[in-house]
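Student: Generate a structure from the sequence data that follows.
(one chain, ligands or ions: 1)
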Amino acid sequence: MHLLIASATGFEIAPLEEWLQANSHRINNFSYRLGHAQIDLLITGVGIPLSAYSFGRLFAKQSYDLAIQAGIAGALDRNLEIGEVVQVTSESFGDLGVEEADGSFTSAISMGLIDANQPPFVKGLLPSPTGTGTPSFLKSVTGTTVMKVHGQEESITAFRNRTDAQVESMEGASFAYACLLEQQPFLQIRAISNYVEKRNRDAWDIPLAIGNLNQVLMDMVQILAATGRAGG
Ligand SMILES: O=C(O)c1cccc(C(=O)CC[C@H]2O[C@@H](n3cnc4c(=O)[nH]cnc43)[C@H](O)[C@@H]2O)c1
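Tutor: Numbering: from 1, shown residues only. Model prediction:
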């Protein structure tokens, strides 16, 4: 099977890369062979524009049995724990729209600039397909993708009032959008590094999130390499 593991930054999947270097056959700078799997690594860059270009360019020339986006994320849902690893099963572009004169936000979808049901959107969301090797041991959550990480109480309260999303990242929706349009089976796996709250960098635990994320990735890679199957 041909597997893609993509991340915004190199540090988010560095432990996986080190593990592949020690435990698999290196094909080139970004590809490894392990059992029945070829594993390609992709670093897209942070944010919607960089990741959208990266996925669009890659999927124009290459398809995969399974594409996994892996990274850290902020939790809007306080029931999620720092360090917890989740799978994001629906996405949205959380701040794509206009700021009104009174400071309120109107989304591009409610303005009709994007049709809420224009494929691959379904009711304004980007739902993940089911049955693409979804790991049942991970909690399923809803995600949203923003250009600007929230850090001010008033804007966070307003955002919570207009989204049902449980986690926030800066690339999830670009990945889901590209995969859905290219009919590319995909999974988005995120580890919670912080809560979406008044900016407090000291409360982030990036090492814990990255450690837990990469343990899940290594477990999944070993299972997929052993079985050579993504479905199920
Ligand atoms: O050090 C910081 O203050 C900082 C702020 C934003 C992002 C980072 C990163 O390390 C970038 C990696 C990745 O992290 C995702 N992420 C993590 N937490 C959040 C969040 O609360 N809201 C949105 N995105 C988040 C994001 O996908 C970045 O690509 C460091």
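Student: contacting residues for Cys179?
Tutor: Phe55, Phe59, Ala67, Pro185, Phe186 (CB atoms under 8 Å, 6 or more residues apart in numbering). For the C-beta atoms, the positions are set from N, CA and C on the backbone; glycine is no exception.
Student: no, scratch that, I was asking about Gly124
Tutor: Ser92, Ser107, Ile109, Ala116.
Student: Mind telling me which residue of this structure is nearest the ligand?
Tutor: Gly74 (2.1 Å; CB to the nearest ligand atom).
Student: Which of the three states applies to that residue?
Tutor: When classified by DSSP: H, G, I helix; E, B strand; the rest coil, Gly74 comes out as strand.
Student: just the helices in the chain please.
Tutor: Taking DSSP state H as the criterion, the chain contains helices spanning 14-23, 48-61, 153-162, 172-181, 206-227.
Student: can you pull the buried residues of the fourth one?
Tutor: Of the residues in helix 172-181, those scored as buried under the neighbour-count criterion (16 or more other CB atoms under 10 Å) are Gly172, Ala173, Ser174, Phe175, Ala176, Tyr177, Ala178, Cys179, Leu180.
Student: Is the closest residue to Ser24 other than its chain neighbours bridged to anything, and to what?
Tutor: Once flanking residues are discounted, Ser24 sits nearest to Leu34: 3.9 Å by CB to CB, 6 or more residues apart in numbering. Note on Leu34: beta-bridge partners Ala37, judged by DSSP bridges.
Student: residues contacting Leu34?
Tutor: By CB under 8 Å, 6+ apart, the contact list for Leu34 reads Leu20, Asn23, Ser24, His25, Val221, Gln222, Ala225.
Student: follow-up on the earlier one: who's in contact with the residue of the chain closest to the ligand?
Tutor: Val149, His150, Val167, Glu168, Ser169, Ile192, Ser193, Asn194, Tyr195, Val196.
Student: now do Asn161
Tutor: Counting by CB under 8 Å, 6+ apart, Asn161 has no contacts.
Student: Low-confidence ranges, the protein, go.
Tutor: Across the chain, the ranges flagged by pLDDT under 70 are 131-134, 231-232.
Student: What residues does it have near the ligand?
Tutor: 8-9, 46, 71-74, 146, 149, 168-171, 193-194, 196, 201 (CB under 6 Å from any ligand atom).
Student: Show the buried residues in those residues.
Tutor: 8, 46, 71-74, 146, 168-171, 193-194, 196.
Student: circling back: let's have the contacts of Gly74 in a markdown table, adding distance to Thr142.
Tutor: Shown next, in a markdown table, are the contacts of Gly74 (distance: CB to CB, whole Å):
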| residue | distance to Thr142 |
| --- | --- |
| Val149 | 18 |
| His150 | 16 |
| Val167 | 8 |
| Glu168 | 10 |
| Ser169 | 12 |
| Ile192 | 14 |
| Ser193 | 18 |
| Asn194 | 18 |
| Tyr195 | 16 |
| Val196 | 13 |
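Student: Ala73 contacts Ile189, doesn't it?
Tutor: No - Ala73 is beyond contact range of Ile189, at 9.7 Å (criterion: CB atoms under 8 Å).
Student: which residues are in contact with both of the two?
Tutor: Val88.
Student: For Pro129, list the residues it contacts.
Tutor: Contacts of Pro129 (CB under 8 Å, 6+ apart): Leu180, Pro185, Phe186.
Student: Please repeat the previous calculation with a cut-off of 10 Å.
Tutor: If you count contacts by CB atoms under 10 Å, 6 or more residues apart in numbering, Pro129 has them with Thr89, Ala176, Cys179, Leu180, Gln183, Gln184, Pro185, Phe186, Leu187.
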